[in-house]
Structure formats: C-alpha cells, structure tokens
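In: Sequence plus predicted model, see below.
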Amino acid sequence: MTFSELSKLVRLSNLTIVFATQMLIWFCLIRPLPQLTEGTLFLDWPNALLLSLSTVLIAAGGYIINDYFDVKIDAINRPEKSLIGKDINPKFAILLHNFCNVAGLIIAAILAYQLKSIVAFSIPFISTILLWFYSTHFKRQYISGNVVVALLTAMSIGIFIPYEPLSQQYLSHPFLYNSNQETVVNPVWILFVYCFFAFSLTWIREIIKDLEDFKGDAEDGCVTMPIKIGLRKTIRFIKLLTIVSVILLALAAGYLMSHHWRILGIYIIVALIIPIGYLFIKIGQSMTQTHFARYSKYLKVLMLLGISTLILFYFLQFYCS
C-alpha cells in the first residue's frame, strides 16, 4: 500500500480542510476570548491542536469504515476509486479504523478529564458511534443518512463550546451587545451560525451525492431520497433547502448591515447568498452523474467561502472597531 492509496482511503484532502477549519475557528473566535472577558483560555494552541487532531482521527476512521462497507456500491459508482479489496487489505482497513478511533477518543478523553466534563467527551464519543452506524445502516435509509452526516459536520464546529469554558459565558448574551461603548458580535453566536451553515450545506451536498450515486445505491438495496421519492421530487426538496438557507442568511446579512457591520453583511450576500441562488437556478437543468458531481464540488467550494468569512469577521471585530 502506497502513501497515495492511504491518503485516498482517509480522504487526506478532506481531513486537511477539517483541520484548517477548526484551527481557523480557534484563531478567529476562541483564541481572542480573553480579550472580551476575564478568564484563562483552556484551549491554548497545544490543546486546540490536540482537539483538532482528535477530530481528524475520528473523521479518518469514519471514512475508512464507510469505504469498508461500500465496496459493492463503489464497484458500480466509481470502480476506478475503489481501494479496499483491491489495493488495501480489508483486515488492515479495519485495524486502521480501530486505531484512529481509539487514538482520537483517548485524546478527547484526556482533554475532557482536565475539564472534568463528561459532556465534552460525549461529543467525540457519540460521533464515533454515529459514524459506525452511518456506514452500516443510516446511509442506506431515507433521509437519516444525510442528516447524520450534516449533524456530524456541525458538531465538528460546535465542539469548541463544551471544550472551552470561556465560550460558555456567552451563551446568555445576545447576538450583538455593547462592550466598552462599542457594538460587539457575540463569538458564540457566530459559532452557532457556522454550525447551521455547515449543517444545511452539508445536507444539500449529501443529497446531491445520493443523486450522483443513484445507480449503485439502487443495486445495493439502499433507500436514499432519490430512490424513495424520485429524482424530480428530490431536486425540489434541494431547492426548498436552498430557499431556507438563503432566507436565513439574508436575515443575518440584513441584521448585520443595520448594526454597523455592513462589510460583513455585503460579503455574506456576495460570497454566499448569490452563489446559493445560482445553485437553485442551475440544479435540475441537467440531471446527469457528471453534473451532480460538479454541483457537489461547487458546494464544497461554497462551504470554504463561508468559512473564509471568519477571517473578515476577525479583522472587523478586533482591528476595525
């Protein structure tokens, strides 16, 4: 087994995005918390790195076990990308999956023990269980598989709240509040906004991937949304989700612009609302596997654009206020 094959098995590019996203959230939202309130940060950079490493290891284990149970489906949908059983021994894949899970949970447990918080540890523990059952059951069921992946994506962002006690002080604060005669955006509410953004776009992307994998899923007996209700109705459901996302993002942008945060509001409109609107128009016009694959990649880029707003928020909050 080569490094290239191993990196494909654990989706190294996706893991890099997860790691970079978490570290960006830490740098822009968590690290500055002592500037806004009194207290000592638990998630200093070594602990933040450990928390992100735990997340990456558990995610890697999830990718491995998903491929392990998807050998038959992948042989139909993407035979050129199928690795387990061809280039990678199935027993080795299971051993690597177990190692990633155990290592990730041990790191999470050490951090949670320092905090004396069972709630904190429950997030990675539940994530590990969900990833297993997603691969064995949920992904073959109507709606539940998509929702589980969307929930796990949101949890990878929200995990900072139980692991950083300072952030919990902001749970009772409004979205915007006054601090030293300045209007400040609540960083925890920003985190919640990103959780919603990650959940909704991941849900849409997972449904599009089901459209892309329609043939292989049907042969394996899966009951995904396209198989259950048909392609046209699935497209309509995706459009409904995009409408809900656009409305909520528009409300957030309008609220920010009316409270002296025009630049951030305009960025949300240009980088998120307009591109999501474009997806609403385009999806369904061409219903081939190639087009669905394109829409899936488009959404991944869109999610990266959304995360990039953190950099703008950071500079507006701490350097331009």
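Out: On my side now, so go ahead. Please read all numbers here as calculations on a predicted model, not as lab measurements.

In: ok, now how distant is L171 from L312?
Out: L171 sits 24 Å away from L312, going by CB to CB, to the nearest Å. The C-beta positions use only the backbone N, C-alpha and C, and glycine is treated the same way.

In: neighbour count winner among these two?
Out: L312 (16 against 11; other CB atoms under 10 Å).

In: Now the more buried one: which helix or strand?
Out: Using DSSP states H and E, L312 falls within helix 289-318.

In: So which elements touch that helix?
Out: With contacts taken as 3 or more CB pairs under 8 Å, 6 or more residues apart in numbering; DSSP states H and E, helix 289-318 sits against helix 12-25, strand 182-185, helix 187-212, helix 262-268, helix 274-282.

In: got the buried residues for it?
Out: Across helix 289-318, burial judged by 16 or more other CB atoms under 10 Å covers 291-293, 295-296, 298-300, 302-303, 306-307, 309-310, 312-314, 316-317.

In: in the protein, what spans have low per-residue confidence?
Out: Scanning the chain for pLDDT under 70 picks out 1, 72-82, 85, 179-181, 321.

In: Show me the residue at the heart of it, geometrically.
Out: Residue closest to the mean C-alpha point of the chain, counted by CA atoms, centre = their mean, is T153 at 2.8 Å.

In: what angle do the strand or helix carrying that one and helix 289-318 make?
Out: Using DSSP H and E, T153 sits in helix 144-158. Counting by axes from the mean of the first three to the mean of the last three CA atoms, to 10 degrees, helix 144-158 lies at 20 degrees to helix 289-318.

In: got the CA coordinates for helix 144-158 in CSV?
Out: Extracted C-alpha coordinates of helix 144-158, given in CSV (Å, rounded to 0.1, in the frame of the first residue of the first chain):
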residue,chain,number,x,y,z
SER,A,144,-31.4,9.7,8.1
GLY,A,145,-28.0,9.2,6.5
ASN,A,146,-27.9,12.7,5.1
VAL,A,147,-29.0,14.2,8.3
VAL,A,148,-26.4,12.3,10.3
VAL,A,149,-23.5,13.5,8.1
ALA,A,150,-24.8,17.1,8.3
LEU,A,151,-25.1,16.8,12.1
LEU,A,152,-21.5,15.4,12.4
THR,A,153,-20.2,18.3,10.3
ALA,A,154,-22.0,20.8,12.5
MET,A,155,-20.7,19.0,15.6
SER,A,156,-17.1,19.4,14.4
ILE,A,157,-17.6,23.1,14.6
GLY,A,158,-19.7,23.2,17.8
